[in-house]
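**Q** pasting the sequence and the predicted model now:
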Amino acid sequence: MAKTALITGILGQDGPYLAKLLIEKGYKVYGLMRRYSQPHMGNLKFLGLDKTVELVEGDLTDESSLLNLIKIVRPSEVYNLAAQSFVGSSWDQAKLTTEINSLGVLYLLNSIKFFSPTTKYYQASTSEMFGLANDGGYQDENTNFHPRSPYGISKVYSYWMTVNFRESYGLFTTNGILFNHESPLRGIQFVTRKITDGVARIKLGLAENIALGNLDAKRDWGFAGDYVEAMYLMMQAEQPDDYVIGSGETHAVSEFVKLAFAEIGITDWEKYVTIDARFKRPAEVPHLQARASKAETKLGWKPKVTFQELVKMMVEADIKRLQK
Ligand code: NAP
Ligand code: GDD
């Protein structure tokens, strides 16, 4: 019998990459989407998956929709990728962020506990939980949490709830603590896509500059296609556990900008970037850098795409998209 997987957040960035991987491995994939007046299938279409993933309706804030779904589908694996994932909006929409990212996880875990306790569960945890904390400049599974945004705080709740369902009820639940990962499918409001889209527009004469916030923040950026492999591997491990997933390299936002402009032959990038206070945050996470040695040792996972390759891939994809 083919394994079945339910992926929440199927229309976002990671959902389609994970669906592609699981379908290639022979899974039947269900994708949870909330109700839309006009569904946006762009990311699924980009990977040629709009006809292969079976879309099911539900909402993380609606417990009964999740109970029903788990009762009917009883998937082998649930990958919970759905979230209000934009840190910048989480101060103004703290309640909604908490309802989706924290309570939504509780509802989903309860649905599994009640109706399908053999289902394995993956929780999309995040390096934002570390916030200000690090150990010698790095973050790993033993680093304390010091979240800096309502988003980070909402994810600390879901991290611990995931651990607690494992410890209390013996469910197979696992946290992937993923550092920033990007791709041509990244939402346009995130800084990498904003930069590569802006650079592509400047190259094609469609814009003159890019307005950004804090250029000094440092992130550990990788490619989403590599990171979904880590999610899959965590779910195949003999015992459920929690893993940090990242590249181990960190770069300032300004370095990303510089490389992206270099892709179109511009070296004096400062002339094309303006600083706009609206894009700065009430509290910043200054430095993220993963120590992902546990994932490497226990899962055999390592990222393949380098930082430079990622920037190039995203700039090229945006130029192509705009030329169309
Ligand atoms: P994304 O592109 O923002 O996708 C999130 C998806 O969740 C969207 O498709 C969204 O639907 C859906 N969603 C939001 N609220 C929902 C609700 N109430 N019910 C059902 N679905 C809902 O995020 P991503 O980059 O793919 O990230 C996937 C997950 O990993 C998220 O949980 C994120 O917090 C976490 N994470 C991401 C990163 C990263 O660097 N990308 C790093 C660490 C952790 P709509 O399409 O309707 O908006
Ligand atoms: N979005 C945005 N827009 N960020 C900017 C801008 C801008 O104009 N200018 C500077 N930045 C800085 C932010 O202040 C932040 O320090 C950094 O760029 C990255 O911002 P985002 O790309 O919005 O990502 P994030 O790091 O806040 O959050 C992402 O990664 C987390 C994992 O660490 C999201 O994908 C989260 O969902 C994820 O959990």
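**A** Nice, I can see it. Ligands and ions are numbered 1, 2, ... in the order given.
**Q** from now on I want contacts and neighbour counts done on CA atoms only, so please keep to that.
**A** Noted.
**Q** does ligand 1 have contacts with the longest helix seen in the chain?
**A** If you go by DSSP state H, the chain has its longest helix at helix 150-169. No: Helix 150-169 stays clear of ligand 1 (Cα under 6 Å from any ligand atom), getting no nearer than 7.7 Å.
**Q** before we go further, residue 29 is sitting in a helix, right?
**A** No: assignment of residue 29 by DSSP: H, G, I helix; E, B strand; the rest coil gives strand, placing it outside any helix.
**Q** report all helices and strands that the host helix or strand of residue 235 contacts.
**A** When elements are assigned from DSSP states H and E, residue 235 belongs to helix 224-236. Packed against helix 224-236, as judged by 3 or more Cα pairs under 8 Å, 6 or more residues apart in numbering; DSSP states H and E, are the following elements: helix 14-24, strand 120-126, strand 173-178, strand 181-182, strand 242-245, helix 293-299.
**Q** got the angle between that helix and helix 14-24?
**A** 60 degrees (axes from the mean of the first three to the mean of the last three Cα atoms, to 10 degrees).
**Q** what about the helices in this structure?
**A** With DSSP H as the criterion, the chain has helices at 14-24, 42-46, 63-73, 94-98, 104-115, 150-169, 191-203, 224-236, 253-263, 293-299, 307-323.
**Q** buried ones in the longest one?
**A** For helix 150-169, burial by neighbour count (16 or more other Cα atoms under 10 Å) applies to 150-159, 161-163, 165-166.
**Q** gap between it and the chain center?
**A** Computed by Cα atoms, centre = their mean, to the nearest Å, the chain-centroid distance of helix 150-169 equals 17 Å.
**Q** so is it next to ligand 2?
**A** No: using Cα under 6 Å from any ligand atom, helix 150-169 never reaches ligand 2; the gap is at least 7.4 Å.
**Q** averaged pLDDT, that helix. What do you get?
**A** Averaging pLDDT along helix 150-169 gives 98.
**Q** the helix holding residue 235 - what's its average pLDDT?
**A** 98.
**Q** so how far is ligand 1 from residue 216?
**A** Using Cα to the nearest ligand atom, to the nearest Å, one obtains 18 Å as the distance from residue 216 to ligand 1.
**Q** before we move on, what about residue 5?
**A** For residue 5, the distance to ligand 1 equals 16 Å [Cα to the nearest ligand atom].
**Q** cool, and residue 285?
**A** Distance from residue 285 to ligand 1, by Cα to the nearest ligand atom: 13 Å.
**Q** quick check: that residue vs residue 307, distance?
**A** According to Cα to Cα, to the nearest Å, residue 285 and residue 307 sit 20 Å apart.
**Q** likewise for residue 321?
**A** For residue 321, the distance to residue 307 - Cα to Cα - is 21 Å.
**Q** give me the more crowded residue out of these two.
**A** Neighbour count, other Cα atoms under 10 Å: between residue 321 and residue 307, residue 307 has more, with 19 against 12.
**Q** I'd say the more buried one and residue 246 touch.
**A** No: in this structure, residue 307 is not within contact of residue 246 by Cα atoms under 8 Å, at 11.5 Å.
**Q** shared neighbours of those two, anything?
**A** 221-222 (Cα atoms under 8 Å, 6 or more residues apart in numbering).
**Q** nearest residue to residue 273 in space, please, no chain neighbours.
**A** Of all residues not flanking residue 273 in the chain, residue 210 sits nearest, at 5.0 Å (Cα to Cα, 6 or more residues apart in numbering).
**Q** per-residue pLDDT, the one you found?
**A** Reported pLDDT for residue 210: 98.
**Q** list the contacts for it?
**A** Residue 210 sits in contact with 195, 198-199, 272-274, where contact means Cα under 8 Å, 6+ apart.
**Q** still on that earlier bit, of the helices of the chain, which is nearest residue 88?
**A** Closest of the helices of the chain to residue 88 is helix 150-169, at 8.6 Å (criterion: Cα to Cα).
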